[in-house]
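Q: Sequence and predicted structure, then a few things I'm wondering about:
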Amino acid sequence: VTVTGDARGGAGGSATGAGNAGSGASTTLANAIDGTTGGSMTLDQLAYGGNSGNVTSGSNGTAGDASSTLSKTTSSSFLSVRAYADGGNGGQRTAATGAAADGGTATSVATAENSAGEARANWDRFSDAIGGNGGQGNSGADGGAGGDAMQTATATTTGDFAARASGVALGGTGGNVANGTGSQAGAGGNAVSSSTGSSTANGFVDVDDQAIGGGGGSVLNSTGSGGAGGTATASATGSNNGTQTVDIDVLASGGNGGYARGATETGGDGGTATILASSGTSTGGGRVDVSATQSGGRGGDGYDGADAGDGASSTIANKVSGDSSGTVRLTQNAGGGAGGTSRTDGGAAGMAGNASSLLTNVNGIGGDSTGNATADGGTGGGAVGTGNTAVGQAGGAAEAAIELTDSGTIDVDARASGGTGGSSVDGNAGNGGSGTLGIGSTGVAGTSTGDGTVTVTGDARGGAGGSATGAGNAGSGASTTLANAIDGTTGG
């Protein structure tokens, strides 16, 4: 049985005179489709918000929101539940004042429960919730903000059946601006995503979750500042009670800032990213893999004398965990956003984002543990263009720490890589960022309480200095000093 339902809100009309623009229609679907079979079942429900109309001097219309909620509980040989939502785009505004319309929001909630076969929630789809794009501002109007996106996927099986959940939320892009003076481009929409998979018995569990903030709008011509990148928040959990693998992957990536034009204007800053607590558990001794990557957005470039935006820093501490009497593998990555580039003389390059990754885990069930904590500082903003005297910014600093405790074999790896300094032309290039092992009282160490083999690796790398192509000086690489930076404890 395959059932597909598609509902689309109509677009609002445009007003070219003094009148108001029309609003796009919102669409809300809640269990609008269904199916019945003991065999294979696929349910696909799609909701689209309508675009709002364009306007000149009148009032904006409102872009339509989209919400798709679909839940199915069955005893079938296979179940796939997919809920898709796409917010409407905001209309343009052509006026000396005001802002274009914001994009519509998108909300996707998919729940699949199966007692006779595999269950999938929002699986096999590139994206599930997409915020609408903000409208473009013309002739002095600001750009509209991108719409927010929210996604939740839950897959549950009763018995020895696989559970797969995969959710993607994409914030809408902020609206650009054109033909104005000192206009502000729209900010990117925020993205929030959470996915969960569980098997009550010996089922394979696979959970993949992504949240990506929308990019800030840019200044296409004349003068104005770029929009900030949207924020991203993601989490994923999974569990089973057998020997099958529990595999968890989660990504949060802040949106990039938009570019700016003109003296006194500024590129948009990169959006921040946040991983919430993400975990895997297997009470039957199955392998548990949990991986999380948190990346700050890049700063927007500066043209025609505008300053570039800053990259977002990324700090993640103990957001992944795992428990199993088998093998637990944990990976936690932090990445700082790159600073924006000064494209013409007169504007400053953007600062790089720093990165910090701290991970500690005690496997309470007991088994073998492998862990990786990595941090990569962002690249410093640089300068390009003949005669540009802007200095390159320093690369972002990076620090990493990890301490794991288990009863069996322990393999611990920490890596901190400072960012590369920004390049330059006639100004001086930026220095490389520092790479450091250990954060506060947490170092790089492994402890086996059962006399297992312990392997500990620590890697700290100073960032390279930026290059200079004109009269400026190149940047210096960062020094690294390690003294007893790693440790281990075992009777084996």
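A: Happy to help now that I have it.

Q: Provide a list of residues in contact with residue 284.
A: By Cβ atoms under 8 Å, 6 or more residues apart in numbering, the residues touching residue 284 are 202, 240-244, 325. In this view, the C-beta of every residue, glycine as well, is placed from N, C-alpha and C.

Q: how many neighbours does the nearest residue to residue 242 once chain neighbours are set aside have?
A: Of all residues not flanking residue 242 in the chain, residue 202 sits nearest, at 2.5 Å (Cβ to Cβ, 6 or more residues apart in numbering). Residues near residue 202, counting by other Cβ atoms under 10 Å, number 16.

Q: repeat for residue 34
A: Residue 34: 14 surrounding residues under other Cβ under 10 Å.

Q: same thing with residue 479?
A: Residues lying near residue 479 (other Cβ under 10 Å) number 9.

Q: In space, what's closest to it - neighbours in sequence excluded?
A: Among residues not flanking residue 479 along the chain, residue 462 sits closest, at 5.8 Å (Cβ to Cβ, 6+ apart).

Q: now the one you found: how far from residue 472?
A: From residue 462 across to residue 472, the span is 21 Å (Cβ to Cβ, to the nearest Å).

Q: Give me the more crowded residue out of the two.
A: residue 462 (25 against 22).

Q: Tell me where this protein has helices.
A: Under the criterion DSSP state H, the chain contains no helices.

Q: Mind pulling the model confidence for the spatially most central residue of the chain?
A: The centroid of the chain falls nearest to residue 253 when counting by Cα atoms, centre = their mean (2.0 Å). pLDDT recorded at residue 253 is 98.

Q: Residue 147 touches residue 104, doesn't it?
A: Yes: counting by Cβ atoms under 8 Å, residue 147 touches residue 104, with 4.9 Å between them.

Q: Between the two, which contacts overlap?
A: Common contacts of residue 147 and residue 104, defined by Cβ under 8 Å, 6+ apart, comprise 63, 65, 87-88, 90, 131-132, 172.

Q: who's in contact with residue 189?
A: By Cβ under 8 Å, 6+ apart, the residues touching residue 189 are 103, 105, 131-132, 134, 145-149, 171-174, 213-214, 230, 255.

Q: Which among those residues count as buried?
A: Among the contacts of residue 189, those scoring as buried are 103, 105, 131-132, 134, 145-149, 171-174, 213-214, 230, 255 (criterion: 16 or more other Cβ atoms under 10 Å).

Q: residues contacting the residue nearest to residue 472 when sequence neighbours are not counted?
A: Computed as Cβ to Cβ, 6+ apart, the closest residue to residue 472 that is not its neighbour in sequence is residue 424, at 4.3 Å. Counting by Cβ under 8 Å, 6+ apart, residue 424 touches 382-383, 388, 390-392, 430, 466-470, 472.

Q: how about a cut-off of 7 Å?
A: Residue 424 makes contact with 382-383, 390-392, 466, 468, 472, according to Cβ atoms under 7 Å, 6 or more residues apart in numbering.

Q: Which positions are bridged to it in the beta structure?
A: Residue 424 has the following beta-bridge partners by DSSP bridges: residue 468.

Q: confidence score at it?
A: Listed pLDDT for residue 424 reads 98.

Q: Over to residue 49?
A: pLDDT for residue 49: 98.

Q: Ramachandran angles for it?
A: Taking degrees, to the nearest 10, you get phi -80, psi 150 for the backbone angles of residue 49.

Q: Hmm, residue 23 and it touching each other?
A: No: checked against Cβ atoms under 7 Å, the pair residue 49 and residue 23 is beyond contact range at 10.1 Å.

Q: So between these two, which is more surrounded?
A: Higher neighbour count among residue 49 and residue 23: residue 49, with 32 against 24, using other Cβ under 10 Å.

Q: Against residue 2, how distant is that one?
A: Distance, residue 49 to residue 2, by Cβ to Cβ: 25 Å.

Q: so what's residue 100 up against?
A: Contacts here follow Cβ under 7 Å, 6+ apart; on that basis residue 100 touches 60, 90-93, 134-137, 141-144, 175.

Q: same thing with residue 42?
A: Residue 42 makes contact with 2, 80 under the criterion Cβ under 7 Å, 6+ apart.

Q: what sits opposite it in the beta ladder?
A: With DSSP bridges as the criterion, residue 42 is bridged to residue 2, residue 80.

Q: repeat for the one 5 residues further on
A: As for beta bridges, residue 47 partners with residue 7, residue 85 under DSSP bridges.

Q: Renumber starting at 89 from here on
A: Noted, 89 is the first residue going forward, which turns the last one into residue 135.

Q: Residue 158 is in contact with that one, correct?
A: No: look at residue 135 against residue 158 with Cβ under 7 Å: they stay out of range, at 9.9 Å.

Q: Who has more neighbours out of those two?
A: Ranked by neighbour count (other Cβ under 10 Å), residue 135 and residue 158 place residue 135 first, with 31 against 27.

Q: Distance check, the more buried one against residue 118.
A: According to Cβ to Cβ, residue 135 and residue 118 sit 10 Å apart.

Q: cool, and residue 477?
A: From residue 477 over to residue 118 (counting by Cβ to Cβ), the distance is 59 Å.

Q: Neighbour count for these two, which is higher?
A: The neighbour count for residue 477 versus residue 118, taken as other Cβ under 10 Å, is higher for residue 477 (16 against 13).

Q: these two touch, right, the more buried one and residue 558?
A: No: counting by Cβ under 7 Å, residue 477 sits too far from residue 558 to count as a contact (8.9 Å).

Q: Could you name every residue contacting both of these two?
A: Residues touching both residue 477 and residue 558 by Cβ under 7 Å, 6+ apart: residue 514.

Q: residues of stretch 199-217 that come out buried?
A: 199-211, 213, 215-217.

Q: Go through the residues you listed and flag which are in strands.
A: In strands, defined here by DSSP state E, the members of the buried residues of stretch 199-217 are 199-202, 206-209, 217.

Q: Dump the residues you listed into a markdown table; add distance to residue 449 as well.
A: Supplementary listing: those in a markdown table, determined by distance: Cβ to Cβ, whole Å:
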| residue | distance to residue 449 |
| --- | --- |
| 199 | 29 |
| 200 | 30 |
| 201 | 30 |
| 202 | 31 |
| 206 | 30 |
| 207 | 28 |
| 208 | 29 |
| 209 | 27 |
| 217 | 31 |
